[in-house]
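S.K.: one predicted model, sequence on top.
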Amino acid sequence: DSGVTQTPKHLITATGQRVTLRCSPRSGDLSVYWYQQSLDQGLQFLIQYYNGEERAKGNILERFSAQQFPDLHSELNLSSLELGDSALYFCASSVGVIDTQYFGPGTRLTVL
Amino acid sequence: GNSVTQMEGPVTLSEEAFLTINCTYTATGYPSLFWYVQYPGEGLQLLLKATKADDKGSNKGFEATYRKETTSFHLEKGSVQVSDSAVYFCALSRGGGADGLTFGKGTHLIIQP
């Protein structure tokens, strides 16, 4: 158990819908990262927050957004969902911005 | 940009065989290098890491040495077990933590009894 929690574990929704994925980092970690794992793209970095502020962006679509709240938990919002958004979404956390990242168990999103 | 290349497999070995999974990288500056493991139905677990050239990371019998001259970070284990069956990911992060991890495509390892 890494100490990073993600909810829900599974999510099934329809095209065009909007969903919110939630992540709670390890106690004491200030950085949160979001990754997408799909069969065709592999594991891709989406976005990083540090202590409430966006720090780095990766291959995140404009339909996706994230935020980190004062209690340091983070949410990833996915809107106008397409079939191709079906994937595993992982959250990771680290103490600072250059420390080892620890991954949560992931949320499996299925878009029908 | 940064990239990581690793053999995709599946790699099938017999129990107690010697394991090598090759990983090479392209990056500017002095990245940190990682191996993560993903067991079926689970998230990624950090296996080992190295933060500078010639560092050797080790854990649970696995080892990898950061070779700057060959831009490689090959994973090795002397005697694999059935429980080592999983997907192994090589990854790098740029020095300074300016962005997330860049992952290879993963190597599916199957150990047969």
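M.R.: That came in fine, so what should we check first?
S.K.: with adjacent residues omitted, what lies nearest to the residue in chain B that chain A sits nearest to?
M.R.: At 3.1 Å from chain A, B:Gly100 is the closest residue in chain B, using CB to the nearest CB. C-beta: built from backbone N, CA, C; applies to glycine. Closest residue to B:Gly100 in three dimensions, ignoring its sequence neighbours and counting by CB to CB, 6 or more residues apart in numbering or on different chains: A:Phe45, at 3.1 Å.
S.K.: can you pull the pLDDT of the residue of chain B closest to chain A?
M.R.: For B:Gly100, the pLDDT comes out at 87.
S.K.: tell me, how many residues neighbour it?
M.R.: Neighbour count for B:Gly100, taken as other CB atoms under 10 Å in any protein chain shown: 26.
S.K.: any weak-confidence spans in chain B?
M.R.: Applying pLDDT under 70 to chain B picks out residues B:95-98.
S.K.: got the residues of it near chain A?
M.R.: Within reach of chain A by CB under 8 Å from any CB of the partner chain, chain B has these residues: B:32, B:34, B:36, B:42-46, B:49, B:89, B:93, B:95-106.
S.K.: out of these, which are buried?
M.R.: Among those, those buried by neighbour count (16 or more other CB atoms under 10 Å in any protein chain shown) are B:32, B:34, B:36, B:43-46, B:49, B:89, B:93, B:97, B:99-106.
S.K.: among those residues, which lie within helices?
M.R.: Per DSSP state H, helices hold no members of these.
S.K.: quick check, central residue of chain A?
M.R.: In chain A, the centroid-proximal residue (CA atoms, centre = their mean) is A:Trp34; its distance is 3.4 Å.
S.K.: for it, what are its contacts?
M.R.: Contact analysis of A:Trp34 by CB atoms under 8 Å, 6 or more residues apart in numbering or on different chains lists A:23, A:45-48, A:60, A:66, A:74, A:76, A:89-92.
S.K.: okay, these in CSV with secondary structure and pLDDT next?
M.R.: Formatted as CSV, the contacts of A:Trp34 follow (DSSP: H, G, I helix; E, B strand; the rest coil; pLDDT from 0 to 100):
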residue, secondary structure, pLDDT
A:Cys23, strand, 98
A:Phe45, strand, 94
A:Leu46, strand, 96
A:Ile47, strand, 96
A:Gln48, strand, 94
A:Ile60, coil, 93
A:Ala66, strand, 97
A:Ser74, strand, 98
A:Leu76, strand, 98
A:Tyr89, strand, 97
A:Phe90, strand, 96
A:Cys91, strand, 97
A:Ala92, strand, 95
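S.K.: in a markdown table, list those along with neighbour count.
M.R.: Below are the contacts of A:Trp34 laid out as a markdown table (neighbours: other CB atoms under 10 Å in any protein chain shown):
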| residue | neighbour count |
| --- | --- |
| A:Cys23 | 26 |
| A:Phe45 | 22 |
| A:Leu46 | 21 |
| A:Ile47 | 24 |
| A:Gln48 | 26 |
| A:Ile60 | 16 |
| A:Ala66 | 23 |
| A:Ser74 | 24 |
| A:Leu76 | 24 |
| A:Tyr89 | 24 |
| A:Phe90 | 25 |
| A:Cys91 | 30 |
| A:Ala92 | 28 |
